[in-house]
Every structure is written in C-alpha cells, then in structure tokens.
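Student: Fold the stuff below for me.
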Amino acid sequence: MSDVTQVPTSPADDSVEDGPVAPAEAHGGEHAVAVAAAHGVDTMFTLSGAHVFPMYDGAVHADPPMRILDVRHEQTAVFAAEAVGKLTRVPGLAVLTAGPGVTNGVSAITQAQFSGSPLVVVGGRAPANRWGMGSLQELDHPPLLAPVTKLARTVQTVAAIPESVDEAFRVAAAPHRGPTFLDVPMDELFNKSAIHPLSDAGSAGAALRRTPVQPDPEALTEIGALLAEARRPVLVLGTDVWADGAEEAALRLVETLGLPAVTNGMGRGVVPGGHPLLVTKARGAALGTSDLVVVVGTPLDFRLGYGVFGGKEGAPAAKVVHVADSPAQVSRHADLAASAAGDLTLALDGIRSGVEQQLRKPDWAAWVEELQAGVRAAVERDAALLSAEADPIHPARIYGELVPRLAEDSVVIGDGGDFVSFAGKYVEPQRPGGWLDPGPYGCLGAGLGSAIAARIARPSAQVVLLLGDGAAGMSLMDVDSLVRHDLPVVMVCGNNSAWGLEKQPMQMLYGYDVAADLAPQTRYDDVVKALGGGGETVTDPKQIGAALDRAFDSGKPYLVNVITDVDAAYPRNTFGV
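Tutor: Okay, here's the model as predicted:
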C-alpha cells in the first residue's frame, strides 16, 4: 500500500507540444474507489441504483478491479460490510443508492455503531442542480445518520471526494471504531476533477501507521495493585480486545498471571475453548462471587449486569475496573475502583507489569480450582441436553452434534434469539475472530450479510450461520446472493415456529401470548432449494449429525431446518432492560 493515496489515472494523451501537461481527470466514483482501495478495501457491497453508478464504474476500471458484490436488500449489503470490518479489522465498504437505499441500511449502520465495527457507507444523493425541486428520492440523509455514526456529511463537490473518503476511513478505523457515512450528489459523482495525491498527513498509509495511544501508566499500576490484592479476581474480555488487535496481550495476561477469564462478543476465542483458565461456563459463580472484576474491551451494559458484580452466596460486592480503547468508552454509570483508556495491547501488558512489580505475589490457585470445578459441573449438566433424544427436538441437541464438527478455523455466526443464546452457551471458539453476533443492539436479520462477508474474508474456513426461524424470515432471500456469487455456507435453522424470545416472557407476565407464533414447521429448506441452494428438514434428533455432514460436504449454500421444541426456552437471567 502506498503511503500517498493516488486516484488511478484515466487514459490520456501525453503528447503535448508546448506548455505543462494538464493533470489527468477522473470522475467521482473513480476517486472514491481509489481511496477505498488504498485503505485495504477489495469488495464493495451494494444493491444496484443509478445514483451510484459511477462507484460501480470506478470499481470495474480500477487496477486491480474492485469486487462488486450485489445483494437483494440494502441491509444485507451493510451487514456484510460491517462483518468484513469485524473479521478483518479494516473498514468494510457499503454503497447504497439514494433515499430508500440509504434508509434501508440504517438498522445495520446502527448495529455497527453499537458494536464498534469499522464501516464506511457511501450513499447516493439527488443531484445538487435539482435540489429542492423534487427529483427522485430526494432526501437529506446526514441528519438521519448523524446520531448513529461517527461522521455523517454530504460531499458537495467532486474535487472534495478524495479527502472526504479518506477522512471517513480514518475516522471509522480509529478507536473507538464505528461507522461513517458520506453521500454525494449524483451530478457531482458523475463529474470529473483532476487527480492529485492526498497530503501525506491525510493518506491511508499514515492512517495505518497510527501511533497507539498510551494509557495512563499510573492507572495501569493502580489496576495491577488491585489485582495483586484480590483473592478472587476475574478478567472479562470483550469485542474490542479483538478489534484493537490485543488478543495476544490478553492471552499473555491470562497465562502469565494464572488469571481466570470470561469472554463475550468477539472476545470469544481470545482464550481458546477448553483452556483451563477459560471459565465462561462458570460465569455465574465467577462474576457473582468475585471480589474484583476487570472488564476489558466491552461496555458495562445489560450483558454484564450494568457493572454490578459479586454479592452472591454471601460474597460482598466486587470492586470493578473498566479498561477501554478510548476515554469515551469508559463507563460513567458504574462505581469503578479504577479505569484506563488507550491502546489495549499497551494496557493489558501494562497491567501485567503492574502486578509483577508488586511485593505481594497473588496466589489464586484455590479460586481457579473452584471455578474449574464449576466448569466441570456445567459440562456434566450440559451433557444430558446435548445428547437429548426428546421429541420434539431440544435445541441444545443441535449443538451436541454441531460442536464436534466445527473446525478450529470455523467462523460461527449467530442470528436469532433463544436459538442463538444456546449457541453462546455451548460454542467456544478455538481462535479469536471466529464468532459473529449482532452485539448489544440485538438486530435480527444480520446473518446472511455476515455469512457473505465471512466466506469472502475467510475463503478456506468453515462458515456456519445459526438462524432462528424468526431471523430467517428477515433475510433468507439473500441466499440468492450466496448462490449467484458462489459462496457456500452451512446454515442451521432452529425452527420452533415462534418468536421464542418474546413468547415465554409474555406468558410469564400475562399468562398468555399474542403475536408470538409463526406458521408451524415451515420448510425454510425448500426456500433455499428454490433459490439454488440445498437443504433438508430434520425432525428426528438422531438424524441431525448426518444432515450436518451432508451440509458440510455439499459445497453450496445448504440449510438444515431442525424442528425444535417451542417450550424448551433458554434459561436467561436478563431480558436486556
């Protein structure tokens, strides 16, 4: 990658008899694509729209050409670009046509904001020379996007496109990561302007050489002292540990100190599944009876009890430490014993050094053994459900068959409510960067876009998409995109014919439920087959394994539609409020 972003030149006649050579020109789409490519983008996710035709022309004529992956719904394009950002840690690119093209992408953009996913969205816009006259799909997008992006603005002229796109990528990639949005008037996107290199200060190369922000050394020393004093500490590792490239430092901290860890989000796999210090299966005891919880790279939201730990089984309230990739991410509602913000590799290594500098060397062996016993007990309890032969099928049985079949490099994607909650309980990735879920925004329908992205970002890996039947109804048409672009993915649908996450709480509150049932035993596999993929429905638990084998061997998008027990609800501790 060049340290100076340069828009590729168009063919030009160099033979000028006298006078200086006029700089070559490129249209707005060429400018935008060249800058995106300089930032590492190789795929543009989109759904065709005339307002953004120059973006496609720029991709086709780039050297090398940029892949254009078109989908059946704009939300899928943005979900795919967001997932690329999550998996590669390079901002993904979605290009949306004006008006409904942009508004169809808002939920996916918002998911990226909540999840801290690096993402750039370029929208079309009604032409400037017709603005206010009522041209097709005339809408001022940035005010809609500003609350859910790091940057949202209109690029008013073709000449401003290179610097603006460069800024959008740099802002999206900088901690705390997130989405940025630009729209460009249609006439300006078609217009041409001279090609000039960006300034070195604003170049993509300079952005990639970003100097890590050093956390406050005194704060790290303080956290190290708190750990050294603790008798029952727990480390929580979240998505930003992966996003900030701090997975090796996190594992060093865990293994060097013998510190028990719980993982969530894309923090899964940072401590490999089965590691003796991974105690996620004993999470309740770990967080409920700890005296110090150090949370790194994830907000203290509903998934972590809003930052209130300890207090169970007679234990006092735990002290809480929050470590984030940027100051604005440090919790302002929780009662913190200490906090730090900055580059997470530097933070984690600094905390480790802070502990090692203490005169008192902590001995957590008894605490670790207690948690390991809890993990073993959970494994024993889970064994019965993972092998259950109940009729209808208990959803856990699906994971009893799936988990042994997952490769070490697998990418597992969750898109659903109760069915995916079971996945969070039973699937423990062996590597970091192998788990995708909607994150704290809880947006259903992200799965097909994530599957498209995973197959592109990890072409040799297993890609498994776990769908609730409710989520399947939101995005299954984009199996067409998987088929057209030759992207084989194994899909497993836990089909309980209901909105299970809503049905059970409503019955608990009112003694009845409404608007919670779906058509019984819908053949979602037939939908996939009609779109050119493969699939089958399974009603016998003994047939799940063989169906999964056929799916993995098929070499095409394949859906295993498993009919499950609607009454087998996930035993959750929170409903997110």
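
Student: got the CA coordinates for stretch 350-359 in PDB?
Tutor: In PDB, the C-alpha atoms belonging to stretch 350-359 read as follows (Å, rounded to 0.1, in the frame of the first residue of the first chain):
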ATOM      1  CA  GLY A 350       1.000  -2.600  31.500                       C
ATOM      2  CA  ILE A 351      -1.500  -4.300  33.900                       C
ATOM      3  CA  ARG A 352       0.600  -7.400  33.800                       C
ATOM      4  CA  SER A 353       3.800  -5.500  34.500                       C
ATOM      5  CA  GLY A 354       1.900  -3.700  37.300                       C
ATOM      6  CA  VAL A 355       1.100  -7.000  39.000                       C
ATOM      7  CA  GLU A 356       4.600  -8.300  38.600                       C
ATOM      8  CA  GLN A 357       6.000  -5.200  40.200                       C
ATOM      9  CA  GLN A 358       4.000  -5.800  43.400                       C
ATOM     10  CA  LEU A 359       5.800  -7.100  46.500                       C
END
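
Student: now that stretch: how far from the chain's centre is it?
Tutor: From the chain centre to the centre of stretch 350-359 is a distance of 32 Å (C-alpha atoms, centre = their mean, to the nearest Å).

Student: tell me the average confidence for it?
Tutor: The average pLDDT within stretch 350-359 is 94.

Student: next one: stretch 169-185
Tutor: 98.

Student: what about dumping the CA coordinates of it to PDB?
Tutor: The C-alpha trace of stretch 169-185 is given here as PDB (Å, rounded to 0.1, in the frame of the first residue of the first chain):
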ATOM      1  CA  PHE A 169     -12.000   5.600   6.500                       C
ATOM      2  CA  ARG A 170      -9.600   7.100   9.000                       C
ATOM      3  CA  VAL A 171     -12.400   8.000  11.400                       C
ATOM      4  CA  ALA A 172     -14.100   4.600  11.100                       C
ATOM      5  CA  ALA A 173     -10.800   2.800  11.800                       C
ATOM      6  CA  ALA A 174      -9.800   4.900  14.800                       C
ATOM      7  CA  PRO A 175     -10.700   3.800  18.300                       C
ATOM      8  CA  HIS A 176     -13.400   3.700  19.300                       C
ATOM      9  CA  ARG A 177     -14.300   2.200  15.900                       C
ATOM     10  CA  GLY A 178     -17.600   2.600  14.200                       C
ATOM     11  CA  PRO A 179     -19.500   3.600  11.100                       C
ATOM     12  CA  THR A 180     -19.100   6.700   9.000                       C
ATOM     13  CA  PHE A 181     -21.400   8.000   6.200                       C
ATOM     14  CA  LEU A 182     -21.000  10.100   3.200                       C
ATOM     15  CA  ASP A 183     -23.500  11.000   0.500                       C
ATOM     16  CA  VAL A 184     -22.500  12.600  -2.800                       C
ATOM     17  CA  PRO A 185     -24.900  14.500  -5.100                       C
END
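
Student: element containing the spatially closest residue to residue 529 that is not a sequence neighbour?
Tutor: Excluding the flanking residues, the one nearest residue 529 by C-beta to C-beta, 6 or more residues apart in numbering is residue 535, at 5.6 Å. The way it works is simple: take the backbone N, C-alpha and C, and place the C-beta from them, glycine included. Assigned by DSSP states H and E, residue 535 belongs to strand 534-538.

Student: now swap in residue 273 and tell me
Tutor: For residue 273, there is no enclosing helix or strand under DSSP H and E.

Student: what sits against it?
Tutor: By C-beta atoms under 8 Å, 6 or more residues apart in numbering, the contact set of residue 273 is 428-430.

Student: re earlier: surely the residue nearest to residue 529 is in contact with residue 556?
Tutor: No - counting by C-beta atoms under 8 Å, residue 535 does not reach residue 556; the two are 9.8 Å apart.

Student: neighbour-wise, which of the two wins?
Tutor: Legend: neighbour count by other C-beta atoms under 10 Å for residue 535 and residue 556, higher for residue 535 (26 against 17).

Student: Tell me the pLDDT of the more buried one.
Tutor: For residue 535, pLDDT reads 98.

Student: what element comes up after the lowest-mean-pLDDT helix or strand in the chain heading to the C-terminus?
Tutor: When each helix and strand of the chain is scored by mean pLDDT, DSSP states H and E, helix 204-208 comes last, with a mean of 47. On the C-terminal side of helix 204-208, the nearest following helix or strand under DSSP H and E is helix 217-229.

Student: what pLDDT does the closest residue to residue 271 other than its chain neighbours get?
Tutor: Among residues not flanking residue 271 along the chain, residue 278 sits closest, at 4.4 Å (C-beta to C-beta, 6+ apart). Predicted confidence (pLDDT) for residue 278: 98.
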